[in-house]
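Model the structure of this input:
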Amino acid sequence: MSTPPDGKPAYRLLTGKDDRAFCERVSEALAQGWQLYGSPAITWDVEGSYAKVAQAVIWPDAM
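Model (predicted):
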């Protein structure tokens, strides 16, 4: 059983503003071997006036 890189936990919830930087973070996690877990979530940040998103990823050998 392999372990996640950089001592990260087997489950991670990536969150942030719905922009290119967030998409690149998710893409980077997938390229490192993480797998999407569940559906993404989106909400509106009233104070910042932007969409905020979340995507869970898991390390494949963790389950």
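
Only C-alpha atoms from now on, for both contacts and neighbour counts.
Will do.

unless I'm mixing things up, Ala10 is touching Gly33, no?
No. If you go by C-alpha atoms under 8 Å, Ala10 and Gly33 don't touch, sitting 11.3 Å apart.

what is in contact with these two at once?
Counting by C-alpha atoms under 8 Å, 6 or more residues apart in numbering, the common neighbours of Ala10 and Gly33 are Trp59.

Just say helix, strand or coil for Thr3.
coil (DSSP: H, G, I helix; E, B strand; the rest coil).

ugh, wrong one, I meant Arg25
Three-state call for Arg25 (three-state DSSP): helix.

show me what contacts it?
By C-alpha under 8 Å, 6+ apart, Arg25 lies in contact with Leu14.

measure it to Trp44 for me?
In this view, Arg25 and Trp44 are 20 Å apart by C-alpha to C-alpha, to the nearest Å.

which ones are touching the nearest residue to Ala10 once chain neighbours are set aside?
The spatial neighbour of Ala10 that comes closest, neighbours along the chain excluded (C-alpha to C-alpha, 6 or more residues apart in numbering), is Trp59 at 5.0 Å. Residues counted as contacts of Trp59 (C-alpha under 8 Å, 6+ apart) are 3-4, 10-11, 33-35.

now the residue nearest the centre of the chain: how far from Ser49?
For the chain, Leu14 is the residue whose C-alpha lies nearest the centre (C-alpha atoms, centre = their mean; 3.1 Å). The gap separating Leu14 from Ser49 is 20 Å, by C-alpha to C-alpha.

wait, Ala56 sits on Leu14?
Yes. The criterion here is C-alpha under 8 Å, and Ala56 meets it with Leu14 at 6.0 Å.

Beta-bridge partners for the residue lying closest to Ser39 once chain neighbours are set aside, please?
Computed as C-alpha to C-alpha, 6+ apart, the closest residue to Ser39 that is not its neighbour in sequence is Gln55, at 7.0 Å. For Gln55, the beta-bridge partners are Leu14 (DSSP bridges).
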